[in-house]
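Student: sequence first, then the predicted structure, then my questions.
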Amino acid sequence: MADTQLSVTDLQVRFPTDRGVVEALNGVSFDLEKGQMLGIVGESGSGKSVTAKTLMNLLPRTAEIDGEVIFEGEDVRAVARERRKHFWGVKMTMVFQDPMTSLNPVKRCGEQIAETLRYHLGHGRKMALRGATDLLGQVGVPEPAKRVHQYPHELSGGLRQRVVIAMALACEPSLLIADEPTTAVDVTVQKHILDLLDRLRREREMSMILITHDLGVARGRCDDVAVMYAGRIVERSATETLFNESRHPYTDALLRSIPHIDQPSHTRLDPIPGRPPEMINPPVRCAYAPRCRHAREDCLTSIPTMGGVTGVHEFACHHPANTDRGDAALAANVAVGVTPAGLHLTAGAGSE
Amino acid sequence: MTRFMINKVAQLLLVLLAVTFLSFSALNLLGDPLFNVVGPLAELDCDAVEAGLIEDTTTTLNNQVGDCEIVAEARAVYRLDEPVMKRYVLWLGDLISGDLGTSFKNDLPVTEILKDKFPVSIMLMVMAEIVALGLAIPLGIYAAYRANHRADRILSVGSFGVLSIPNFALGVILLYLFALKWQIFPATHDDSSFFAEMKSLSLPAITLGAGLAATYQRLLRTDLLTTLQEDFVHMARAKGMTDSHIMWRHALRPSLFSIITVFGVNTGALIGGSLVVEQIFSIPGVGRELVQAVIRDDFPVVLGGVVVIASGFVVINFVVDLLYSWLDPRVRTT
Amino acid sequence: MTEIIETPQVPEVVPKKVLGVAFWVAIGWLFIVSLIALLAPVLPIDDPGEIGAGGPREGPSWANWFGTDALGRDVFSRTAWGARISLVVGLLAITLGIVVGGSLGMIAGFFRGWIDHVISFVFFTLLSFPALVLALLITATFDRSLRTVSLTLGVLAIAPVGRLARASTLVFAEREFVQAARVLGAKSRRIIVKELLPNVLIPMGALSLLGMGIAIVAEGGLAFLGLSVEGDAISWGKSIVDGSQSRDLQNNPNVAMFPIGVMFLTVLSLNFAGDRVREYFDVKESAF
Amino acid sequence: GGGDDDNSGPSETDDSAGDDSDGDDTGDDDAGTAVTPTVAPVPEEDVDPDAIVTGGTLRVALEAESDGLNPVANNFAQSAYMVGFALMEPLAYYDEAGNWFPWLAESFTRVEGTNSWQIKLREGILFHDGSELDADDLVAGFEAQLADPVISLAVGPSYPAENAVEKLDTYTVQFNLIRPSAHFPTAVTAQLGMVVSSEYIAAAAADASLNQSPVGTGPFRLVSRTQDDVTIVERNPDYWRGADTVHLDRVEFHVHTDTAVAADLVAAGDLDVVISSNADAILTMREADGVVTIENLLGAENDIMLNTRAVPFDDIRARQALTFSADRESYAALISQGTSPLADSMFHPDLIWNNPAVVQEGNQPELAQPLVDAYCADLAENCSDGKINMELQYSGPSVLQTRIADLLSAGWEPFFNITIEELPQDQHIVDVITGAYNVVTWRQFGAVDPVTEVIWLECATAEGFLTINWVRVCDEDRDALLFEQRATADLDRRVEIWHEIQQSIHDTYSYIFMTHANWTMGLSESVRNICGQEGPDGVVLFCNNGGVTFLHGVWLSE
Amino acid sequence: MAGTGRAPLRDRPDILVRVEDLTVEFPVGRHEVVHAVSGISFDVAEGETLGIVGESGCGKSTVARSIIRLNTIKSGHVIYHDKDLATLEGEDLRRVRPDLQMIFQDPISSLNPRRRVRAVISEGLSIWGDDKGVWSQDRIEELMVAVGIDPEFGERRAHQFSGGQCQRIGIARALALDPKVLICDEPVSALDVSVQAQILNLLEEMKSRYGLTLMFISHDLSVVKNVSDRIIVMYLGKACEIGTADELYERPRHPYTRALLASIPEPATTVDVAEGNITGELPSPINPPRGCRFHTRCQHVTDICRAEEPQMVAVGGDHFVACHHPVEVALAL
Ligand SMILES: Nc1ncnc2c1ncn2[C@@H]1O[C@H](COP(=O)(O)OP(=O)(O)OP(=O)(O)O)[C@@H](O)[C@H]1O
Ligand SMILES: Nc1ncnc2c1ncn2[C@@H]1O[C@H](COP(=O)(O)OP(=O)(O)OP(=O)(O)O)[C@@H](O)[C@H]1O
Ligand SMILES: [Mg+2]
Ligand SMILES: [Mg+2]
């Protein structure tokens, strides 16, 4: 923990909207060590991107933010005005989901990379362009000298994402946040991109936060994984621990709901019932309770706090799966055929 | 690019053909060009005169030239005895050689007449667009920047209000206040010097520009807001660029498409000047000339005006297409 | 395995859309104006043509709320009667624009190919006539009856409305629900009527309010060119022109300003209501 | 034409037309008795000639514009005269007292024993193109006028088909009239007497665009002209009376359809002169600080004409009913707004010609009903719902004309079913010339010497396809009177005759006289000597002749 | 790879749909065409689920859309019940349409936002109601219950439902006409993992309840494997490999199939991760490579691959490969 690079404590983000206040983050805390790759997984709308944007100071002005973000010993939200200009984009950068839309369609790729160099490092036009060409080479773009003069739409998805990555790396950041960098590309390209990020991270001793909804990606690439649900981190631990000894019923259910390539075909899947909760004025209860087989009365009245072993394997659940307490809760629910939240469980089912 | 050009030129010709044909037939079938040439004599039934049913004025007034002779001559000169289609083709032939015909009213070549009026209308158009864009771009950016804040709401209400003021009403009000009451601007057109002309076109330009500005402002705001949601803007912010840098260098250009389209249509329409505003401010532009020509049934001038305006419209839209490809490299390659 | 019966879920907070107070104020205004227009003949107001209903060029008073014009006619009753023509012109014009332009646009957008080319060309040609020149041509060549004026403005509305209808038809025709209907065996006509029309029509509905405003203003423009409805028919445009003689403007601005004000408020209400309606029916397609 | 702001009527246009002569004042340079007082305030007393400033640009606002300035091809109205008199000069004109005097002519001589008159031109007068004015120019001009279908209407009836005009020598021309005239020179005080060069006439006949740039002998030369916008003229350095008799360097004529605005501009110093007959404009001029007005109520009458040869007004009962129910009072109050008084006949009461016994009826709707009933009983096909069907025509678009039409029809409505028809000015005039109308608003009469009004009234111009006896009343007895007063120089007899003619016009109910048109010039204070200008031989000119004035003697103070 | 040939066509009486040499081209610009699908042959037996996988742009959707004639077909046949759908037009085409229904990728866009859910589901019935006489409220209720939409919500519109629910509505709509074949074009790619499983289960359930034959398109290999009996792997408009699901995943023979399997985040154990490193860009379908379309990126490329197009050949059992150099695998098991 000596090398903690980023420390997020009790981050809360609310968006006042016409329909009510969207409580996008409800107390997110995690630490990131230098050189570590943290995966954040979760369903759509769980708050992954908001977390990333909070770190990057990208939230719209309307957002109400609470909590503390310490990056390299400095409170990110209180960065001095004069340093602001060269803080984000230099030490901490981000790569977005869709490589098509992450690039300005009306500017040449080279210009866009060079812009960063000129803006932050004060390079001249020529030098910045040379720098851009170099960077493209480093991220494995073939014929970089030609590519700098091309427009984004003239490149394939994979190349575009590389350009985006090159752009992010221009100022040698020490933390890179990648928000679903491969959702929009094919598996073969995904592999290349992830390999590239892996390589760059090692070469540059960069820390990374990899946001993804693909459990496989998280499992294959990350050191630690945090699972988000409804604006909270519900479980967090080293990757293998998480996948093998999931404690939160949501993580558990998630793992069981996806098909695996090694299963024979027509293997019946075990879906999670229902859908994620609304984030507007959520009631005080475990957000997952309505979909949870383990849910008991206490889940409907109080929000579980992070438990487990701090810094090793934390989870926020009153009745963690694969524990006695959890099994008991499940058994009790199955016995009556319905959870206190109204989820129907047919008899005969139970723990596998 | 050449194909694009050829296509556009072909389109221009086709539209011109359609527009002129429609106007030509409308004017000739529904009105009586003879009247405009010989005036009252057009009403004279020369067949009846020949048949002795009515008297030619010559007989009663000792005129030296028989009225029916005058009519016959005019018919011959203006090819009025030819079928409309043939006259149209002949007219087209003249058009190709740059001859738009001669006014029925004062016998000046139409090209001559329009040549005088055109610069004023163009100047008015340019000034109106300068006013419009000059207001709309900063305000649009500001509104997008302060989206949903009070300033934006006020601007939004304001632009709505401005949009709802009929431009003649605005013209009348401005004329009343600034020209008649406070006499800050001249009430009439003054072309004694370039500056004087600019000054005298200010109120009309504001009249026209205000509505355009409101339209542009709204479009720009909407488009900017959309653009500002785009990942590449987030990307730029993630790169640490300041808001103003992002606004001007990244967001603005891709947000100009709607504004440019509407700009094209409006400018095209303003080529002929704004008829009403030119009328209210007595600006001797193409628009007023056209109104007069229509009212007086001066067909050659009407047709000439239609040709000029329609070509202007098509050309401006062509320029807008080019602008698109400048603004958006994606268009360039497809 | 646990067998789950999912309870269908609907967002707990159904986004209750409201049109807002201002919308109802706008509608209220439109309603009042229409009502006055409709009832003008039976309302206890002066005859709009009565010379010397009051003294000439008088300011607003209890007897003549909007004052009187140069001939001493009651401006209020002229404004009320003017609403009849202005609103009818607006309504007829935009109806024509939407019926003709909307149908052509949808046909072009749906069938594509040469039909599209022909119709789009017609639209472009119509557009390259400056609007008022076309109006001038028509009114100057025919008469200036209410019918012709409405028709003229309606013709002007065809191209812009048509282009919009075409564009949104193109967008919706690409959508998968149209393909789904086709796969179900729906014929083209059914697709146009059942799948596309509701989607194109509602934006058109909003547009019709905006368009009506534009047509009302256009009538005023024609009046300034001396080409509005002829004879002793009263319209807002004609009243405004009448009051816009420079001397009246300076000494009795009420003659022009009241009709201008009423026209402005009406157009504003139409614009505002149109905008709200568009927003209201703009289905938010991402409810999750 | 119609009321005013359009200045449409060919009435003013041609008040130059007729001609002939007789009487005794043969060849007398300063012929005539005081037929009419000039209206102008007496010119400033004895301006020190040294104080007169030479130079400067005069900016004049006109309320309308004419098609062209060619006197042998275009129809002149007020604005055409204003510009025209800067560029061209007439053969004769009126002095302060309303008597004619020779201008380009050196003398007019009646040829004893015939109806002919000889015009001897002054020698050495140069056109703007450098050629000298001679008899050929006169002959060419006259023949061109005879050849024009409309202008000839005014000229034709007075001349024989053959040999109407003869050139006697280089500077003398003889006009052979059909009937005797004692006042032939009055016929050449306006359009018909304006002289342009014969080369120009030939050229303009071939290229009508030259109608915009006449070649005359006037004190100013054309610099540029944009129709409907601005015409600019500059001092003619070769002016035959000496360039030093012209004080202004330049004159700009601007068209301002709304002369009330122009009046404001004069007050603001953006213009120097505005000429208008529009009540709004007149009131504005009167009220504005620093604007001097010269008003003339003698210049024309606002009237309503009834076509006596078309249904329904071919029946005098219908005409009477229309007359009785006409709301003249409102017209004077609301349209003229007190700027011009109600008119009873074609003459202002101040004129010796006026017959005070003739009173124009109106505002007596109670008299109309029985007439309408009687008419409809006889001619039911021309009536519906017990009202006579009629059409009211005026030229537009014009706010003022629309108001007039609204006002009139409001008065007539109880007895007539009125269809209002607004026509472009050209069509309107054509309809009047060809008799395709029921009732029109018009403006007419007001010539300095009424002898020139004969052509609007005689039978000869009431017949045929085109007429300028618009109401188409032909009365042989009246014709005899008209010709008699033309032939005599006896003022008393002439006055007597005109009294009779007024009565006869009244009795036919073909005109409803509304008000005496008020032609007002508004001047900024620096404009000097509008009234008091001199013609050749030092004659002081008649000032503000129906809104027309010369400008060569005008100067700008400061 | 990427080859042609009718070898994979089976000669069985229960073949429901038979696609022969299907070729689809889209004109782009004035003179060019996209070779979206080039000579694909396959068949689907009654009650079977056919999976189609491949990268974006390889022509999966085009194949699906061609079968139900949402595209014009350049050449080839689509035989269904002795009828060649490729040449049917007008009313004849319309009459067979109810038998082949489709589920789309974007659940939201595939529902008309202006229509009520009940109307959407009953659309097919109201089109065919007269002919088939099956138009009844009960049927709609039954379908809604079957796909898990409370019939109470029938009066709502699409935007009031989540993506998963919209997809259920789409399924109900397709099932209303009792189709024989259900074509699913990436029905779950727009959905979250937790919902994806619900839909996949629902499809399986519907398949057995209504005796459907399924064609299932996806770029997610795990999903395709999970639902399919037989799978086609496509590359750039051509089929590379066809086989039963388990066979294909256990013994992938085509280098491209193997590359795919090696590229997924948790690679299949039957391939070497290194095989996933295919290089180069996906060639443009406007100018596809000559010979084997995969040769530009293949680790095993030889001259013949550049010159000659491989044909589909049987490599044992119900397993076909179009490759000059199919990877040898141990016939384990
Ligand atoms: N600007 C905003 N205004 C209002 N609500 C917002 C805003 N940004 C995000 N939200 C809400 O915050 C919640 C979390 O959003 P977020 O984008 O972080 O989800 P995510 O986990 O990244 O999902 P995805 O996988 O779809 O990207 C969502 O309910 C979203 O609707
Ligand atoms: N209507 C069309 N016009 C032109 N090209 C088309 C059209 N439809 C598809 N294509 C092209 O045909 C090729 C195959 O497209 P198709 O949609 O079948 O691919 P896909 O495998 O379904 O891809 P995805 O996974 O992205 O859906 C692509 O290159 C695509 O660009
Ligand atoms: Mg996200
Ligand atoms: Mg697809």
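Tutor: Everything's here; your move. Numbers count the residues shown, from 1 in each chain, chains lettered A, B, ... in the order given. Ligands and ions are numbered 1, 2, ... in the order given.
Student: domains in chain B, as residue ranges please.
Tutor: Per the record, chain B has its domains at B:31-99, B:111-333, by automatic domain parsing.
Student: A:Gly124 and A:Leu117, how far apart?
Tutor: 9 Å (Cβ to Cβ, to the nearest Å). Glycine gets a C-beta too; all of them are placed from N, C-alpha and C.
Student: the two - which one has more neighbours?
Tutor: A:Leu117 (22 against 11; other Cβ atoms under 10 Å in any protein chain shown).
Student: and the more buried one, how far is that from A:Asp134?
Tutor: For A:Leu117, the distance to A:Asp134 - Cβ to Cβ - is 10 Å.
Student: cool, C:Pro44 as well?
Tutor: 86 Å.
Student: quick one: which of those two has more around it?
Tutor: Per other Cβ under 10 Å, whichever of C:Pro44 and A:Asp134 has more neighbours is A:Asp134, with 13 against 5.
Student: mind listing the strands for the stretch 201-333 of chain E?
Tutor: E:213-217, E:230-235, E:238-244, E:313-314, E:319-321 (DSSP state E, counting those that start in this stretch).
Student: got these as CSV, with mean neighbour count, distance to E:Asp99 and mean pLDDT columns?
Tutor: As requested, those are exported to CSV (neighbours: other Cβ atoms under 10 Å in any protein chain shown; distance: least, Cβ to Cβ, whole Å; pLDDT from 0 to 100):
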stretch, mean neighbour count, distance to E:Asp99, mean pLDDT
strand E:213-217, 24, 10, 95
strand E:230-235, 26, 20, 94
strand E:238-244, 28, 24, 93
strand E:313-314, 14, 30, 90
strand E:319-321, 25, 27, 93
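Student: make CSV from the ones you listed and add distance to ligand 2 to it.
Tutor: Converted to CSV, the strands of the stretch 201-333 of chain E look like this (distance: least, Cβ to the nearest ligand atom, whole Å):
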stretch, distance to ligand 2
strand E:213-217, 7
strand E:230-235, 7
strand E:238-244, 12
strand E:313-314, 24
strand E:319-321, 20
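Student: columns distance to B:Ile137 on top of these, output as a markdown table?
Tutor: Listed next are the strands of the stretch 201-333 of chain E as a markdown table, based on distance: least, Cβ to Cβ, whole Å:
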| stretch | distance to B:Ile137 |
| --- | --- |
| strand E:213-217 | 47 |
| strand E:230-235 | 49 |
| strand E:238-244 | 52 |
| strand E:313-314 | 65 |
| strand E:319-321 | 61 |
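Student: out of the ones you listed, the one nearest chain C is which?
Tutor: Evaluated with Cβ to the nearest Cβ, the strands of the stretch 201-333 of chain E place strand E:213-217 nearest to chain C, the distance being 13.2 Å.
Student: against which helices or strands is that closest one packed?
Tutor: strand E:15-28, strand E:32-45, strand E:49-54, helix E:60-67, strand E:181-185, helix E:193-210, helix E:221-227 (3 or more Cβ pairs under 8 Å, 6 or more residues apart in numbering or on different chains; DSSP states H and E).
Student: highest average neighbour count across those?
Tutor: The highest average neighbour count among those, using mean count of other Cβ atoms under 10 Å in any protein chain shown, belongs to strand E:49-54 at a mean of 27.
Student: parallel or antiparallel, list what pairs with it.
Tutor: Counting by DSSP bridges, the strands paired with strand E:49-54 are strand E:213-217 (parallel), strand E:230-235 (parallel).
Student: can you flag the weakest of the domains of chain B by average pLDDT?
Tutor: Among these, domain B:31-99 carries the lowest mean pLDDT, at a mean of 71.
Student: ok, E:Ile140 to E:His159 distance?
Tutor: Taking Cβ to Cβ, one finds E:Ile140 at 20 Å from E:His159.
Student: equivalent analysis for E:Gly148, please.
Tutor: 19 Å.
Student: contact residues of the stretch 101-250 of chain B facing chain D?
Tutor: B:102, B:105-109, B:112, B:116, B:180, B:183, B:186-191 (Cβ under 8 Å from any Cβ of the partner chain).
Student: in helices only, show me the residues you listed.
Tutor: Within these, residues falling in helices by DSSP state H are B:Glu112, B:Asp116.
Student: sorry, back to before: shared neighbours, A:Leu117 and A:Asp134?
Tutor: Common neighbours of A:Leu117 and A:Asp134 (criterion: Cβ atoms under 8 Å, 6 or more residues apart in numbering or on different chains): none identified.
Student: isn't D:Tyr375 right up against D:Arg317?
Tutor: Yes: counting by Cβ atoms under 8 Å, D:Tyr375 does reach D:Arg317; the two are 4.5 Å apart.
Student: tell me which residues touch the residue nearest to D:Val527 when sequence neighbours are not counted, please.
Tutor: Excluding the flanking residues, the one nearest D:Val527 by Cβ to Cβ, 6 or more residues apart in numbering or on different chains is D:Asp272, at 5.1 Å. Neighbour list for D:Asp272: D:Leu58, D:Arg59, D:Val60, D:Val266, D:Leu523, D:Ser524, D:Ser526, D:Val527, D:Leu556 [criterion: Cβ under 8 Å, 6+ apart].
Student: backbone dihedrals for D:Asp272, please?
Tutor: phi -110, psi -40 (degrees, to the nearest 10).
Student: ok, it to chain E distance?
Tutor: 67 Å (Cβ to the nearest Cβ, to the nearest Å).
Student: re earlier: from the residues of the stretch 101-250 of chain B next to chain D, list the buried ones, please.
Tutor: Among these, those scoring as buried are B:102, B:105-109, B:116, B:180, B:183, B:186-191 (criterion: 16 or more other Cβ atoms under 10 Å in any protein chain shown).
Student: tell me, which of those residues make contact with chain C?
Tutor: Answer for these near chain C (Cβ under 8 Å from any Cβ): B:Leu180, B:Ala187.
Student: farthest pair within the buried ones among the residues of the stretch 101-250 of chain B next to chain D?
Tutor: B:Thr102 and B:Gln183 (40.9 Å; Cβ to Cβ).
Student: tally of neighbours for whichever residue of chain D sits closest to chain B?
Tutor: Among the residues of chain D, D:Ala208 lies nearest to chain B; the distance is 3.1 Å by Cβ to the nearest Cβ. Neighbourhood size, D:Ala208 [other Cβ under 10 Å]: 20.
Student: ok, it touching D:Ala73?
Tutor: Yes: counting by Cβ under 8 Å, D:Ala208 touches D:Ala73, with 7.4 Å between them.
Student: got any ranges where the stretch 1-150 of chain E has weak pLDDT?
Tutor: Residues of the stretch 1-150 of chain E meeting the criterion pLDDT under 70: E:1-4, E:130-135.
Student: next, the buried residues of the host helix or strand of C:Val33.
Tutor: Here C:Val33, judged by DSSP states H and E, is contained in helix C:21-39. Of the residues in helix C:21-39, C:Phe23, C:Ala26, C:Ile27, C:Trp29, C:Leu30, C:Val33, C:Ile36, C:Ala37 count as buried by neighbour count, 16+ other Cβ under 10 Å.
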